[in-house]
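Student: build me a structure from this.
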Amino acid sequence: MDMTQLDRPIPSNRIERSLMDDPVTVLRPRRPVAVRSSTTVGDTIKLLLENEIGALLVVNEEGELVGIFSERDLLTKVAGLYDSYAELPIHMFMTANPETVSTSDTLAFAIHKMDVGGYRHLPVIHHGAPVGVVSVRDMLRHITRLC
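Tutor: I've put the predicted structure just below:
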């Protein structure tokens with residue numbers, strides 16, 4: 001007999017129930033903005049600004065996720081360390097092989113990954129391909145709608 005449900009907390013309100021049961025798709029993840037690993041840092045920064053986002057995905061020629069580039073990467077790996085970085089390829093500064101969640105993973109699972117890893121953005125994968133990005137801000141919006 002499967003006993004995993006016996007160890008699972010019982011949600012006592014709408015927020016807890018949503019976190020435990022709802023998949024990340026309830027956040028309606030934004031379609032990901034993606035670049036190839038050869039895209040320059042300058043062009044990548046322009047995309048971040050134009051799309052008003054804090055992170056974008058880096059994909060290979062087949063469209064598979066190979067990395068993520070966030071504001072944190074810009075501040076910790078680029079700013080102040082390189083005099084001329086605009087023409088350098090983004091693969092030099094991206095976070096390779098980022099943690100991901102699938103479309104069927106629960107909100108609690110995604111929040112746990114964000115908390116443990118210190119991430120503000122997680123790529124959402126469906127059948128091996130990136131289909132979205134969820135952020136801490138998306139989680140907060142969802143939770144405040146339930147209040």
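Student: quick one: the strands in this structure?
Tutor: Per DSSP state E, the chain carries strands over the ranges 34-36, 55-59, 65-70, 95-96, 101-102, 121-126, 129-135.
Student: distance from the last one to the middle of the chain?
Tutor: What it means is strand 129-135. If you compare the mean C-alpha spot of strand 129-135 with that of the full chain, they lie 6 Å apart, counting by C-alpha atoms, centre = their mean, to the nearest Å.
Student: who's in contact with the most centrally placed residue in the chain?
Tutor: Among the residues of the chain, the smallest C-alpha distance to the mean C-alpha position (C-alpha atoms, centre = their mean) belongs to L122, namely 1.8 Å. Shown in contact with L122 (C-beta atoms under 8 Å, 6 or more residues apart in numbering): 98-101, 110, 113-114, 133-135. Using the backbone N, CA and C atoms, a C-beta is placed for each residue, glycine as well.
Student: that one and E61: what is the separation?
Tutor: As for L122, its distance to E61 is 23 Å (criterion: C-beta to C-beta, to the nearest Å).
Student: low-confidence stretches in this protein?
Tutor: Of all residues in the chain, those with pLDDT under 70 make up the ranges 1-11.
Student: go again with 90.
Tutor: When residues are selected by pLDDT under 90, those of the chain lie in 1-13, 15-20, 30, 79-84, 128, 147.
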